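Asker: Make a model of this:
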Amino acid sequence: MKTLILCEGTTDLIMLQFVLQYKYDWKYDGFVENAITNRLIKKRLIKDNQITEINSCGGITNISKEMLKIKEVIEYATKNDEIYNKIIIMIDHDTVDSNKKFIEQLNICIGETFTENQINIWSQWEVENLVLGVQKIELYIKCIPETETGAIESIMLNALGIDAIEQKVIQESSRFIEKIANTQNRYLQKKSGIYKAIFNTYFSIRTPEETYAERARILRAYDWKNNEILNCGFSFLNY
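Answerer: Purely as a prediction, here's the structure:
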């Protein structure tokens, strides 16, 4: 079975990797970087002969374009193993109407009729293949958080507050960023952007040198399996 996860940015990609690796026992199996920008664009994990690829699309507007490329691959594939069995799309809940706008853009780009009711549930995407016939792909569009505006970082911040000191650092980081956001109208005007800034401020305090290896070490140390916030927020990855 092949699963593809499309997300907006590099932070999303890394968080998804850690949840799969340390909570659901997937094994890391390599990565792909942009040769020009060195931006991390893909990670691959394996488990029991299953493959999961996580792709960072460089922003929500690029996810629909990536879905069009995937649709074309499905249409012209000549072997079943060229086709993904499951596709998960993870988007930030930027504004109250961002889900609606995303679905509209996706439908225009790939010529489908998805609705907002298909967000946060498994549904089926049927694509006609010229050789293999109709392909039925399991599709999950995950908006995170589900019921309020924010981003993956908002769930991760709640999960990282494991004791009084960590909670204090997160709370003070939050006060600092929210004060800046509320006293000007140029920066941090989206709730998701505020959470990303708080998340990065928290990690700047923990690891001022900003090395990925040190952030990864800190994240690996958490109890991913038994964290109830992660159990709720990322249960869709238990496939």
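
Asker: any idea how far I205 is from Q50?
Answerer: Using Cβ to Cβ, to the nearest Å, one gets 38 Å for the distance from I205 to Q50. (C-beta placed from N, C-alpha, C; glycine too.)

Asker: Equivalent analysis for E104, please.
Answerer: The value you get for E104 to Q50, if Cβ to Cβ is used, is 33 Å.

Asker: swap in Q21?
Answerer: 14 Å.

Asker: what does I110 give?
Answerer: From I110 to Q50 the distance is 25 Å (Cβ to Cβ).

Asker: and those two? which has more neighbours close in?
Answerer: I110 (18 against 14; other Cβ atoms under 10 Å).

Asker: shaky segments in the chain?
Answerer: 35-38, 210-212 (pLDDT under 70).

Asker: Off-centre distance for the lengthiest strand in the chain?
Answerer: Longest strand in the chain by number of residues (criterion: DSSP state E): strand 133-144. The chain centroid and the centroid of strand 133-144 are separated by 15 Å under Cα atoms, centre = their mean, to the nearest Å.

Asker: Which elements pack onto that strand?
Answerer: Identification of packing neighbours for strand 133-144 by 3 or more Cβ pairs under 8 Å, 6 or more residues apart in numbering; DSSP states H and E yields strand 86-92, strand 122-129.

Asker: tell me the angle of it relative to strand 86-92?
Answerer: Put simply, strand 133-144 runs at 30 degrees to strand 86-92, going by axes from the mean of the first three to the mean of the last three Cα atoms, to 10 degrees.

Asker: Next secondary structure after strand 133-144?
Answerer: Next in sequence after strand 133-144, counting helices and strands by DSSP states H and E, comes helix 152-160.

Asker: ok, residues contacting that next one?
Answerer: 11-12, 15, 90, 92, 144-145, 166, 170, 174, 192, 195-196, 198-199, 202, 222, 227, 229-230, 233-234 (Cβ atoms under 8 Å, 6 or more residues apart in numbering).

Asker: Between the two ends of stretch 143-159, how far is it?
Answerer: One end of stretch 143-159 sits 18 Å from the other (Cα to Cα, to the nearest Å).

Asker: May I see the buried residues of it?
Answerer: 143-145, 149-159 (16 or more other Cβ atoms under 10 Å).

Asker: for the chain, longest helix please?
Answerer: In terms of residue count, the longest helix belonging to the chain (DSSP state H) is helix 164-182.
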